[in-house]
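>>> Please work out how this folds:
(one chain, ligands or ions: 1)
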Amino acid sequence: MSLVTTTFHIDGMTCQGCVASVTRALKAISGVAEVAVSLDDKCAAVRYDDAQTAQIALAAAVEDAGFDVTMLETSKGFSL
Ligand SMILES: [Cu+2]
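Numbers count the residues shown, from 1 in each chain. Have a look, this model is predicted:
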């Protein structure tokens with residue numbers, strides 16, 4: 001399986017509760033392997049299997065949780 005990492009810029013996170021909401025929303029998506037959310041940097045790095053999901057679905061999940069999302073960059077190169 002080949003994993004892709006995408007970094008999202010997320011606006012609207014104000015506390016660790018928001019971080020937890022974003023993390024939960026992303027981890028609920030099948031194909032997501034790893035999520036790292038930073039409140040200070042207002043971003044989330046997501047490692048996922050691009051055969052199972054896509055960055056647009058990840059962004060939509062975060063938007064549904066009530067935050068504004070901008071996709072920053074995607075890089076291939078991780079494999080398990
Ligand atoms: Cu909050």
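>>> Going by C-alpha atoms from here, please, whenever you check contacts or count neighbours.
OK.
>>> pretty sure Met1 contacts Arg47?
No. Using Cα atoms under 8 Å, Met1 is not in contact with Arg47; the gap is 12.0 Å.
>>> Of those two, which one has the most company?
Arg47 (22 against 11; other Cα atoms under 10 Å).
>>> The more buried one belongs to a strand?
Yes. Counting by DSSP: H, G, I helix; E, B strand; the rest coil, Arg47 falls inside a strand.
>>> ok now do it, which residues does it touch?
For Arg47, the contact set (Cα atoms under 8 Å, 6 or more residues apart in numbering) comprises Leu3, Val4, Thr5, Thr6, Val32, Ala33, Glu34, Val35.
>>> repeat that with 6 Å
Val4, Thr5, Ala33, Glu34 (Cα atoms under 6 Å, 6 or more residues apart in numbering).
>>> Give me the buried subset of the residues you listed.
For the contacts of Arg47, a neighbour count by 16 or more other Cα atoms under 10 Å gives the buried set as Val4, Thr5.
>>> Tell me the one of the contacts of Arg47 nearest Cys43?
Closest approach to Cys43 among these (Cα to Cα): Thr5, at 12.8 Å.
>>> got a list of what the closest one touches?
By Cα under 6 Å, 6+ apart, Thr5 lies in contact with Val46, Arg47, Thr74, Ser75.
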